[in-house]
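K.L.:
Dropping the sequence and predicted coords here.
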Amino acid sequence: MKLVIVGGVAGGASAAARARRLSEDAEILLLERGPEISFANCGMPYYISGEIADRGKLLLVTPARMRERFRVEARTGSSVEAIDPAKKTVRVREVATGREYDESYDKLILAPGAAPLRPPLPGIELPGVFTLRNLQDMDLIHRQLDAAGAKQAVVIGAGFIGLELVEGFTRRGIAVTVVEMQDQVLPPLDPEMTTPLVEHLAAKGVAVLTGETAQSLESSDGGLTVTLKSGRRLAAQTVILAVGVRPESRLALEAGLKVGSRGGICVNDRMQTSDSDIYAVGDAVEVIDFVTERMAQIPLAGPANRQGRIAADQVFGRDSRYRGTQGTSIVRVFERTAAITGASEKSLRLAGREYRKVYVHPANHAGYYPGAQAMSLKLLLDPQSGRVLGAQAVGGAGVDKRIDILAVAIQAKMTVFDLEEMELAYSPQYGSAKDPVNMVGFVAANLLRGDHPQANIEDVSFESAATRPFLLDVRMPSEFASGTIPGAVNVPVDELRERLAEIPKDRRINVFCQVGQRGYIATRILRQKGFDAVNLGGGYKTYQLFAGLKRIAPDRPA
């Protein structure tokens, strides 16, 4: 058996190592266009920022180690130019010499990855304009920042990589403007969940321009000028293009393999392409979204590793299957963390899937223990079964723990009723007796049982006094005075039973407090007294998330 693997990093290197563990007799050849076969691409922004000082730490497996430990021949600087499925050969070009030769295979695994998008903008090839895909790109950016003494940078694209670089540049004392075509940062999240991030970025001095696109780049006395669609001009010495990636599917397309509408290589759950002897893994393939069951392009290291392992299993007769991708992702933005797993509201609407949602705003551990940090946690659920469909969290410490728990819940097809019953580790330094995961389960389960009828903040109309519901703020007067939803009347929950005469019985009552708990108690009181009352999900804190979408973060002059 001769196995040829095209591409290294997460998918290809994992496939090679797994293949050797399954067969000592196979001939295994890994062909990599670049100079390294496996490196920590997720660590590159942190080398640029200076948090990772030793570049060598990013090199995970060298060709020498692959040869010594796994007896895998890894040829770097070897670009595969074509595949001939009929002859079962690949055409290889040596990057350094240009020499070409054919290499035969019995089985072929494609792991070519994805390349950063480079929109056709005037000036995109100018010095100082970069994308970040590999260590060579990282080195160029690092040298540019050191040599040019950059004081200003523009990052085009506010996704995960873009925001990691924004933080890194800011830590180096560089003034950063981030430009994002969509009306929010971190587009995989639902818009309201990004409000705390925009506010935090602004507090760190980062100018955030959403709903904007770059139109051109040009040289200037100070380095570069980026002209936006609005006509605004931004000065910079360094410009980063972080607007997304496209799958490297040219080889597959030219070889006649099936490629999907998104450009990704089509594979089945065995990672097998339309040619039974060719497999494909990693960022180049289309996958099934685990929740919506729609085709998706989700470039993540964890799924790529698993796919590489599954492809190797299949080559050597083990019937492993890929379940689909949840898109579990996390990013640090200075002192804030944002994370997502499973479906978002946007993806569920696109899929035509029914759902309900709840918000909670707990602390990461017991509030009486010093250092508790707040988070906002959003859960999406199936309205019939209660199955957990997706979750998002933004806050400080503890966001990663809760998203990981909810990622497992989604993978196990658990329901919100299961979340109520979860027994999680508790000590005041680490959590609460009722963990945030339990709390979001309680709220969602009460919603489905009918104990907690709820209205969504964004669905409440404040336009007409004749048609809008009666807004009842049940917080303390001091809280009410510091800010409330326009038009709300204040009756603290502890006075509600004695002041029921002030509440109209001929209108829907929308009750809210700060985060939802007192609103729930007030809703229970009112409904048992004959009022048509519902709680506004997530309370005033959730209202602030939506209201924050309408605010423009402060930015610096061009």
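P.N.:
Yes, it's here.
K.L.:
Ile410 contacts Phe290, doesn't it?
P.N.:
Yes - in terms of Cβ atoms under 8 Å, Ile410 counts as a neighbour of Phe290; the distance is 7.0 Å. C-betas here are computed from N, CA, C, even on glycine.
K.L.:
Flag the shaky bits of the stretch 101-250 of the chain, pLDDT-wise.
P.N.:
Counting by pLDDT under 70, the stretch 101-250 of the chain has low-confidence residues at 148.
K.L.:
Kindly recompute the last result at 90.
P.N.:
Within the stretch 101-250 of the chain, the ranges that satisfy pLDDT under 90 run 144-150, 220-223.
K.L.:
And the helices in it?
P.N.:
135-148, 160-171, 195-203, 250-254 (DSSP state H, counting those that start in this stretch).
K.L.:
elements contacting the first one?
P.N.:
So that's helix 135-148. Judged by 3 or more Cβ pairs under 8 Å, 6 or more residues apart in numbering; DSSP states H and E, helix 135-148 is in contact with helix 44-49, strand 129-130, strand 238-241.
K.L.:
deepest of these, which one?
P.N.:
Ranked by mean neighbour count, these are led by strand 238-241 with a mean of 24 (mean count of other Cβ atoms under 10 Å).
K.L.:
Just the residues contacting it, thanks.
P.N.:
Strand 238-241 has contacts (Cβ atoms under 8 Å, 6 or more residues apart in numbering) with 116-119, 124, 128-132, 141, 144-145, 148, 150, 152-157, 162, 165, 169, 174, 217, 223-224, 226.
K.L.:
The residue most central in space within the chain bridge partners, please.
P.N.:
The C-alpha lying nearest the average C-alpha coordinate of the chain belongs to Ser329 (Cα atoms, centre = their mean; 4.2 Å). Beta-bridge pairing for Ser329 (DSSP bridges): Ile340.
K.L.:
so it touches Phe160, yeah?
P.N.:
Yes - using Cβ under 8 Å, Ser329 is in contact with Phe160, at 6.4 Å.
K.L.:
Which of the helices or strands spans the residue lying closest to Ala301 once chain neighbours are set aside?
P.N.:
Spatial nearest neighbour of Ala301, chain neighbours left out: Ala10 (4.7 Å); criterion: Cβ to Cβ, 6 or more residues apart in numbering. Ala10 belongs to helix 9-22 when assigned by DSSP states H and E.
K.L.:
For the residue nearest to Glu180 when sequence neighbours are not counted, give me its contacts.
P.N.:
Of all residues not flanking Glu180 in the chain, Ala158 sits nearest, at 3.8 Å (Cβ to Cβ, 6+ apart). Contacts here follow Cβ under 8 Å, 6+ apart; on that basis Ala158 touches 166, 178-180, 182, 184-187, 208, 210, 242.
K.L.:
how does it look with 7 Å?
P.N.:
Contacts were defined as Cβ atoms under 7 Å, 6 or more residues apart in numbering; by that measure Ala158 touches 178, 180, 185-186.
K.L.:
same deal with Gly34?
P.N.:
Gly34 touches 76, 134, counting by Cβ under 7 Å, 6+ apart.
K.L.:
let's see it at 8 Å
P.N.:
Going by Cβ under 8 Å, 6+ apart, Gly34 touches 8, 76-77, 134-136.
K.L.:
so it sits in a strand?
P.N.:
No - Gly34: not assigned to a strand; according to DSSP: H, G, I helix; E, B strand; the rest coil it is coil.
K.L.:
Give me the phi and psi angles of it.
P.N.:
With angles defined as degrees, to the nearest 10, Gly34 sits at phi -90, psi -180.
K.L.:
Next one: it from Gly77, what distance?
P.N.:
8 Å (Cβ to Cβ, to the nearest Å).
K.L.:
hang on, the earlier thing: could the helices and strands packed on helix 135-148 be laid out in TSV, adding distance to Tyr368?
P.N.:
TSV is the format used below for the helices and strands packed on helix 135-148 (distance: least, Cβ to Cβ, whole Å):
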stretch	distance to Tyr368
helix 44-49	35
strand 129-130	48
strand 238-241	44
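K.L.:
Any idea what Phe39 is bridged to?
P.N.:
Those that pair with Phe39 in a beta bridge, by DSSP bridges, are Leu59.
K.L.:
Pretty sure it sits against Ala10.
P.N.:
No - with contact defined as Cβ under 8 Å, Phe39 does not count as touching Ala10 (9.7 Å).
K.L.:
more crowded one of these two?
P.N.:
Legend: neighbour count by other Cβ atoms under 10 Å for Phe39 and Ala10, higher for Ala10 (29 against 24).
K.L.:
was I right about the more buried one contacting Gly282?
P.N.:
Yes - Ala10 lies in contact with Gly282 (Cβ under 8 Å); the separation is 6.2 Å.
K.L.:
Common neighbours of those two, please.
P.N.:
Contact criterion Cβ under 8 Å, 6+ apart; residues shared by Ala10 and Gly282: 111, 304, 308.
K.L.:
Return the distance of the particular helix or strand that has the last one in it from the chain's centre.
P.N.:
Using DSSP H and E, the element containing Gly308 is helix 301-315. Relative to its chain's centre, helix 301-315 lies at 21 Å (Cα atoms, centre = their mean, to the nearest Å).
K.L.:
Show me what it is packed against.
P.N.:
When contacts are defined as 3+ Cβ pairs under 8 Å, 6+ apart, helix 301-315 packs onto helix 9-22, strand 107-110, strand 278-280.
K.L.:
next one: the shortest one to chain centre, how far?
P.N.:
Pointing back at strand 278-280 there. With Cα atoms, centre = their mean, you get 26 Å for strand 278-280.
K.L.:
what do you get for stretch 254-274?
P.N.:
In terms of Cα atoms, centre = their mean, the centre of stretch 254-274 is found 24 Å from the chain centre.
K.L.:
which parts of whichever strand or helix holds Ile525 are buried?
P.N.:
Counting by DSSP H and E, the element that carries Ile525 is helix 517-528. Buried residues in helix 517-528, defined by neighbour count with 16 or more other Cβ atoms under 10 Å: 517-527.
K.L.:
Next: stretch 122-135.
P.N.:
By neighbour count on 16+ other Cβ under 10 Å, the buried set for stretch 122-135 is 123, 128-135.
K.L.:
ok so, going back, which residues do Ile410 and Phe290 both contact?
P.N.:
Each of 326, 342 lies in contact with both Ile410 and Phe290 under the rule Cβ under 8 Å, 6+ apart.
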